[in-house]
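Participant: quick one, fold the following:
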Amino acid sequence: MKRIIALLIAACLCVTGCGKIEKPVEESDNKKEDPVKIGMSFDSFVIERWQRDRDVFVSTAKDLGAQVNVQSANGDVEKQKEQIEYFIESGMDVIVIICIDSGSLSEVVGDARKAGIKVIAYDRLLNDSAVDLYISFDNEKVGRMMGEALYGAMTPQLGSVVMLGGSPKDNNVSLLETGFLDVCEEKGITVEGRMHADNWKAELASEYVYNNEPLIKNASGIMCGNDTIAGAVIPVLAEMRLAGTMSVVGQDADLEACQRIVEGTQLMTVYKPVEKLAKRAASCAIALAKGEKLEDEDVTKINDGTYNVPYIAMEPISVTKENMNEVIIGSGFHLKEDVYLNVPELMP
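Facilitator: A predicted model of the protein is given here:
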């Protein structure tokens with residue numbers, strides 16, 4: 001009897017052990033997706049605003065679960081090409097480019113698109129490249145704002161202006177100047193002198209002013225391609241005893257430009273809400289990487305010389321002493337104590 005019971009127990013144990021079937025491990029339906037990988041190549045960080053663009057873009061992208069690799073080409077076109085090639089080899093999902101030369105990257109951008117990588121032209125259009133998105137500000141409107149500000153500051157008897165443009169290789173420069181010159185033509189303003197600062201080297205503009213003193217002294221105002229150029233020009237005007245009487249306009253709303261405006265040595269700047277631009281660009285980059293369609297209501301088309309590419313244009317804002325507190329300080333772009341640092345007695 002004991003032997004029969006022992007055999008029965010052994011049989012049960014055998015059935016239990018052999019009959020236990022391990023279920024195959026199934027991948028969870030909720031498995032976390034691989035993060036979107038974004039490569040971002042900047043022209044350089046010489047211009048003050050690019051640091052803000054970078055920080056906001058990276059922060060927004062990370063909040064949305066993406067990884068961002070930021071590179072700076074330091075104004076070297078060949079280095080920027082190498083960075084884009086590196087991003088292609090690294091298998092980025094999206095490449096965001098703030099180009100040095102709008103016409104030099106079509107081949108490498110083509111390589112990226114052949115590799116299935118989405119490409120965004122940030123702030124500056126890439127010519128003949130068929131990018132997946134160009135996102136910037138309305139640059140012609142920026143130029144019109146500059147022209148209108150100079151016209152508004154003129155005496156009833158119209159004068160002439162000098163145009164100190166940015167890099168001729170930057171497509172935005174031609175768009176801005178189109179808007180500016182349109183206003184000059186409409187208002188009867190004569191452009192007596194003009195130059196371009198290659199690679200946005202502001203010292204070239206200050207040299208031009210220094211070497212063309214008679215021309216400058218006969219002008220009513222100076223259009224500067226950006227606030228960095230304005231910042232290089234105004235000390236030369238001070239030597240000529242024209243700072244504060246010569247109307248100078250720029251763009252980007254750099255802190256020093258805002259300080260000059262409240263001090264009275266710069267007439268206006270154009271504020272471009274880079275936080276909105278960078279946040280929108282980051283969300284668009286992730287949407288493109290995931291194959292999602294961009295919102296239709298504000299996506300238009302712009303011709304890059306060969307192709308009509310998707311284009312999102314953000315609205316710029318003209319800033320003078322009168323609306324500095326509302327636009328710049330009210331938005332938190334710069335702190336009040338920083339803007340009025342040199343003239344605390346004027347702080348509202």
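Participant: which residues in the stretch 51-200 of the chain form helices?
Facilitator: Assigned by DSSP state H, counting those that start in this stretch, the stretch 51-200 of the chain shows helices spanning 77-89, 106-114, 139-153, 171-187.
Participant: of all the ones you listed, which one is nearest residue 272?
Facilitator: Set against residue 272 and scored by Cβ to Cβ, the helices of the stretch 51-200 of the chain come closest in helix 139-153, at 7.5 Å. Where C-beta positions appear, they are placed from N, C-alpha and C, glycine not excepted.
Participant: these two touch, right, residue 227 and residue 252?
Facilitator: Yes: Residue 227 lies in contact with residue 252 (Cβ atoms under 8 Å); the separation is 4.7 Å.
Participant: of these two, who's got more company?
Facilitator: More crowded of residue 227 and residue 252, by other Cβ atoms under 10 Å: residue 227, with 28 against 23.
Participant: gap between the more buried one and residue 323?
Facilitator: From residue 227 across to residue 323, the span is 17 Å (Cβ to Cβ, to the nearest Å).
Participant: would you map the helices across the stretch 201-348 of the chain?
Facilitator: For the stretch 201-348 of the chain, the helices defined by DSSP H, counting those that start in this stretch cover 202-211, 213-217, 227-239, 255-263, 274-289, 324, 336-339.
Participant: what is the shortest one packed up against?
Facilitator: Okay, so that is helix 324. With contacts taken as 3 or more Cβ pairs under 8 Å, 6 or more residues apart in numbering; DSSP states H and E, helix 324 sits against helix 255-263.
Participant: packing partners of the helix it packs on?
Facilitator: In this structure, helix 255-263 makes packing contacts with helix 227-239, strand 269-271, helix 324, helix 336-339, judged by 3+ Cβ pairs under 8 Å, 6+ apart.
Participant: just the mean pLDDT for the shortest one, thanks.
Facilitator: It stands for helix 324. The average pLDDT within helix 324 is 98.
Participant: I would like the residues contacting it, please.
Facilitator: Defining contact as Cβ atoms under 8 Å, 6 or more residues apart in numbering, one finds that helix 324 is touched by 258, 261, 262, 339.
Participant: correct me if wrong: the last one contacts residue 329.
Facilitator: Yes: shown here, residue 339 and residue 329 form a contact pair, counting by Cβ under 8 Å, at 6.2 Å.
Participant: more crowded one of the two?
Facilitator: Taking other Cβ under 10 Å, residue 339 and residue 329 do not tie; residue 339 has more neighbours (24 against 19).
Participant: how close does the closest residue to that one other than its chain neighbours sit to residue 319?
Facilitator: Leaving aside its sequence neighbours, residue 339 sits nearest to residue 258 (Cβ to Cβ, 6 or more residues apart in numbering; 4.9 Å). Computed as Cβ to Cβ, the residue 258 to residue 319 distance reads 7 Å.
Participant: shared neighbours of the two, which are they?
Facilitator: Joint contacts of residue 258 and residue 319 (Cβ under 8 Å, 6+ apart) are 269, 328.
Participant: got the phi and psi for the residue positioned nearest the centre of the chain?
Facilitator: Residue closest to the mean C-alpha point of the chain, counted by Cα atoms, centre = their mean, is residue 123 at 4.2 Å. Per-residue torsions, residue 123: phi 70, psi -40 (degrees, to the nearest 10).
Participant: please apply the same query to the one 5 residues further on.
Facilitator: With angles defined as degrees, to the nearest 10, residue 128 sits at phi 50, psi 40.
Participant: give me the pLDDT for it.
Facilitator: pLDDT at residue 128 comes out at 95.
Participant: do you know which of the helices of the stretch 201-348 of the chain lies nearest residue 46?
Facilitator: Among the helices of the stretch 201-348 of the chain, helix 227-239 comes nearest to residue 46, with 7.5 Å by Cβ to Cβ.
Participant: tell me which strands and helices that closest one is in contact with?
Facilitator: Judged by 3+ Cβ pairs under 8 Å, 6+ apart, helix 227-239 is in contact with helix 202-211, strand 221-224, strand 247-249, helix 255-263.
Participant: in CSV: these, plus mean neighbour count and distance to residue 117.
Facilitator: CSV is the format used below for these (neighbours: other Cβ atoms under 10 Å; distance: least, Cβ to Cβ, whole Å):
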stretch, mean neighbour count, distance to residue 117
helix 202-211, 18, 34
strand 221-224, 26, 36
strand 247-249, 27, 39
helix 255-263, 22, 36
